[in-house]
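Enquirer: Pasting the sequence and the predicted model now:
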Amino acid sequence: MSELRISVLGEFKIMRQGVALPLPHSKKTRALLAYLAVVGRPQRREHLCELLWDGPDDPRASLRWSLYKIRQVTNSGARECLAGDHERVWLEPDCVSIDFTRISGLSKGTVESFDTAALEDLAAEFGGEFLEDICLPRCPKFEAWRRYHADATSRIRRRILRVLVSRTRATPERALLHAHALRRLDPNSADLDREIQDLVAAANRAEGPAGAISRPDSAVAMAAEPERSLAAASAAGKAQQVRFCRTADGVRIAFAVSGRGPPLLRAAHWMSHVQYDWESPVWRHWIDALSATTTLIRYDERGNGLSDWNVAEISFDRMVADLESVADAAELDRFTLLGVSQSCAVSVAYAIRHPERVAKLILYGGFVKGWRKRGSPHDVATHDAMTTLIREGWGMNNPSFRRLFTLMFLPDATPEQTAWFDALQRNTVSPENAARLHDAFGEIDVASMLGRVRVPTLVLHARRDAAVPFESGREYAIGIPDARFIDLDSANHILLSHEPAFAEFCRNVAAFIHESAPVGERVEDSAGPSGTA
């Protein structure tokens, strides 16, 4: 058995006996280790210097330093996995196994010769793009080598997934797992969008009463392999119904219905996926709690999740129109409307347009003005840079940016929740759409509308929210006539299942919807820093 297990199909990782080893801090040193593992044969020192240190400094000294750092990771006791002589360097073949070995050399014919179980095992080898977290634009020879293998392995992955979708149509939920993975590689494929829609419809017909997609109550093994856990989901448990509607400009919007009771429509936020969220420890406790006493309707924003990704326009007006389309398609005459984050503004606009349909309005974690409308040059500069980072961070599959993003939204998350939210960013929205959405959020401004809201309103906000400042929530409570306000003791933009603030959120929302008790306090403009008068 090989002592070291190296992964290059996604983020670069190295394991010894199932335990992840700390990687060298230098990206060039990590690149060198990955290169030696993938090539799998002795390499001339001059070649390695040209590959990574072709500059005026001392390339040989840089190479020696990197090899010293690699030995600290790879060598254990008397066993030296990294070996070399005066001319060459290599990793001992019997010391190292690498995921790339199973994938390299596969062709269309050989992919189709595997049985379905073996293909699913091969598909599971891919955690992302080849060496997705090692990009060295100033080392063109290395980068050309990396891009070549990234393109080649991506073609193989696409072929594997296409064959799996074709072979597993008889079990639609299983086929959907592979179709969603394929869609992340081809986000603008209209044919694939139609295929996913057909599979969802087939799953609805096949699962449970009234066409329900089932979900287990527990989350077994989701932390390590959130994507694969979907395939292992039990058919027993709670159920939702996934449907589609079409907007006035021809965009298909996916929405899901679960629970029983008075209707509660949750306006869409970004990075949602009505099926993926159904399994996610980031969102499933929200769905369970809200579905326990209401009929919960939630939908994916255009450009997200199961809704169409290839859309001409992403704007605030279209977000409001999409909400109108879902309310009509779900045949809701009068309902409670829940806004979360940027959809608070969307919900306010809808409530003003359709006061006869909105019985009550709940706003959590929202902002009245987008970053471009707040009048702060610093905010504009910061978020302009953020838009670029979103496009590049998602586009380059760079986990460093995604992890930074995760920490901003979920600073108190468990490792399982962190892994899921990191995967959520890649799985629910393309890099380009993520950047377009972030830019559109900057244009939001409903400050002049707040005084025109005429429905009972409950506003909730986490006190130490790093993604949307606490004062933003207070603005809603101050501006909307007779709004009630709940100050939640949390730092998380998405409240987590294990924190008391989520239980408080659920109690107050249920009381407000069912009118069992007065909820919240009226916030006056002169309120103190706690935000509660």
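Expert: Right, received. Where do you want to start? Just so it is clear, the structure is predicted and the values come from calculations on it, not from any experiment. Numbers count the residues shown, from 1 in each chain.
Enquirer: going forward, measure contacts and count neighbours with C-alpha atoms only.
Expert: Noted.
Enquirer: Count the residues that sit near residue 412.
Expert: Applying other C-alpha atoms under 10 Å, we find 17 residues neighbouring residue 412.
Enquirer: can you check residue 511 too?
Expert: 14.
Enquirer: And it, how close does it get to residue 293?
Expert: Going from residue 511 to residue 293 by C-alpha to C-alpha, to the nearest Å gives 11 Å.
Enquirer: Now do the helices in the stretch 301-450 of the chain.
Expert: 316-329, 343-353, 377-395, 399-409, 415-428, 431-441 (DSSP state H, counting those that start in this stretch).
Enquirer: downstream neighbour of the last one in the secondary structure list?
Expert: If I follow you right, that is helix 431-441. strand 457-462 (DSSP states H and E).
Enquirer: between the helices of the stretch 301-450 of the chain, which gets nearest to residue 275?
Expert: helix 415-428 (10.3 Å; C-alpha to C-alpha).
Enquirer: re the thing from before, mean neighbour count, the helices of the stretch 301-450 of the chain: which tops it?
Expert: Highest mean neighbour count among those (mean count of other C-alpha atoms under 10 Å): helix 343-353, with a mean of 24.
Enquirer: which residues sit against that one?
Expert: Residues outside helix 343-353 that contact it (C-alpha atoms under 8 Å, 6 or more residues apart in numbering) are 267-269, 316, 319-320, 323-324, 337-339, 357-358, 361, 363-368, 444-446, 449-450, 452-455.
Enquirer: Now do it and strand 457-462, the angle between them.
Expert: Angle, helix 343-353 to strand 457-462, by axes from the mean of the first three to the mean of the last three C-alpha atoms, to 10 degrees: 170 degrees.
Enquirer: starting at the chain centroid, how far to helix 343-353?
Expert: Here helix 343-353 is found 25 Å from its chain centre; the criterion is C-alpha atoms, centre = their mean, to the nearest Å.
Enquirer: Also stretch 485-500?
Expert: 20 Å.
Enquirer: how about the CA coordinates for that stretch, as CSV?
Expert: Once non-C-alpha atoms are left out, stretch 485-500 reads as follows in CSV (Å, rounded to 0.1, in the frame of the first residue of the first chain):
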residue,chain,number,x,y,z
PHE,A,485,-37.9,44.4,15.3
ILE,A,486,-36.0,41.3,16.7
ASP,A,487,-32.3,41.7,17.6
LEU,A,488,-30.7,38.2,17.3
ASP,A,489,-27.5,37.4,19.1
SER,A,490,-25.4,35.9,16.3
ALA,A,491,-22.5,36.7,14.0
ASN,A,492,-23.8,34.5,11.2
HIS,A,493,-25.6,35.9,8.2
ILE,A,494,-27.2,32.5,7.7
LEU,A,495,-28.4,31.3,11.2
LEU,A,496,-27.0,27.9,12.0
SER,A,497,-29.0,25.0,13.5
HIS,A,498,-26.9,24.7,16.7
GLU,A,499,-27.1,28.4,17.8
PRO,A,500,-29.8,29.8,20.2
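Enquirer: what comes up buried for it?
Expert: Neighbour counts over stretch 485-500 (16 or more other C-alpha atoms under 10 Å) mark 485-497 as buried.
Enquirer: Looking at these, which two lie furthest apart in space?
Expert: The most widely separated members of the buried residues of stretch 485-500 are 485 and 497, with 21.4 Å between them, by C-alpha to C-alpha.
Enquirer: re earlier: which members of the contacts of helix 343-353 are classed as buried?
Expert: Judged by 16+ other C-alpha under 10 Å, buried ones among those: 267-269, 316, 319-320, 323-324, 337-339, 357-358, 361, 363-368, 444-446, 450, 453-455.
Enquirer: Low-confidence ranges, this protein, go.
Expert: For the chain, the stretches with pLDDT under 70 are 1-2, 56, 77-78, 204-238, 392-402, 516-533.
Enquirer: Which of the helices of the stretch 301-450 of the chain sits closest to residue 309?
Expert: Evaluated over these, closeness to residue 309 peaks at helix 431-441, with 7.5 Å, by C-alpha to C-alpha.
Enquirer: Now for residue 44: which residues touch it?
Expert: So residue 44 contacts 87-89 (C-alpha under 8 Å, 6+ apart).
Enquirer: Which of these fall within strands?
Expert: Mapping the contacts of residue 44 onto strands (DSSP state E) picks out 88-89.
Enquirer: so, if you compare the contacts of residue 44, which one comes nearest to residue 143?
Expert: Of the contacts of residue 44, the one sitting nearest to residue 143 (C-alpha to C-alpha) turns out to be residue 89, at 20.3 Å.
Enquirer: so what's that closest one bridging to?
Expert: residue 43, residue 84 (DSSP bridges).
Enquirer: Please report the distance of it from residue 33.
Expert: Distance of residue 89 to residue 33, given as C-alpha to C-alpha: 11 Å.
Enquirer: go on, residue 415?
Expert: For residue 415 relative to residue 33 (C-alpha to C-alpha), the value is 27 Å.
Enquirer: With residue 112 instead?
Expert: Distance, residue 112 to residue 33, by C-alpha to C-alpha: 32 Å.
Enquirer: So for the two, which sits in the more crowded spot?
Expert: Using other C-alpha under 10 Å, the more surrounded residue of residue 112 and residue 33 is residue 33, with 26 against 15.
Enquirer: how about the residue nearest to that one when sequence neighbours are not counted, what does it touch?
Expert: Excluding its sequence neighbours, the residue lying closest to residue 33 (C-alpha to C-alpha, 6 or more residues apart in numbering) is residue 70, at 6.8 Å. Contacts for residue 70 (C-alpha under 8 Å, 6+ apart) come out as 24, 29, 33, 82.
Enquirer: one more time with 10 Å
Expert: The contact partners of residue 70, taken as C-alpha atoms under 10 Å, 6 or more residues apart in numbering, are 23-24, 29-30, 32-33, 64, 81-82.
Enquirer: which SS state does it fall under?
Expert: For residue 70, the assignment made with DSSP: H, G, I helix; E, B strand; the rest coil gives helix.
Enquirer: Check the one 3 residues further on too.
Expert: With three-state DSSP as the basis, residue 73 sits in helix.
Enquirer: What degree of burial does it show, as a neighbour count?
Expert: Neighbour count of residue 73, defined by other C-alpha under 10 Å: 20.
Enquirer: next one: residue 515
Expert: Other residues within reach of residue 515, judged by other C-alpha under 10 Å, total 11.
Enquirer: Equivalent analysis for residue 137, please.
Expert: Using other C-alpha under 10 Å, residue 137 has 10 other residues around it.
Enquirer: all strands for the stretch 101-250 of the chain, in order.
Expert: Under the criterion DSSP state E, counting those that start in this stretch, the stretch 101-250 of the chain contains strands at 213-215, 238-246.
Enquirer: The longest one - which strands sit beside it in the sheet, and in what orientation?
Expert: Read it as strand 238-246. Take DSSP bridges as the rule and strand 238-246 pairs in its sheet with strand 213-215 (antiparallel), strand 252-259 (antiparallel).
Enquirer: Check the offset of that strand from the chain's centre.
Expert: A distance of 20 Å separates the C-alpha centroid of strand 238-246 from that of its chain, computed with C-alpha atoms, centre = their mean.
Enquirer: Name all residues that make contact with residue 256.
Expert: Residues near residue 256 by C-alpha under 10 Å, 6+ apart: 212-213, 240-244, 273-275, 278, 296-300, 330.
Enquirer: tell me which strands and helices the longest helix anywhere in the chain is in contact with?
Expert: In the chain, with assignment by DSSP state H, the single longest helix is helix 140-167. For helix 140-167, the elements it packs on are helix 27-39, helix 45-52, helix 100-103, helix 108-113, helix 116-123, helix 172-185, helix 190-206, judged by 3 or more C-alpha pairs under 10 Å, 6 or more residues apart in numbering; DSSP states H and E.
Enquirer: Can you tell me how far residue 74 is from residue 29?
Expert: 12 Å.
Enquirer: so what sits against both of these two?
Expert: Shared contacts of residue 74 and residue 29, defined by C-alpha under 10 Å, 6+ apart, are found at residue 23.
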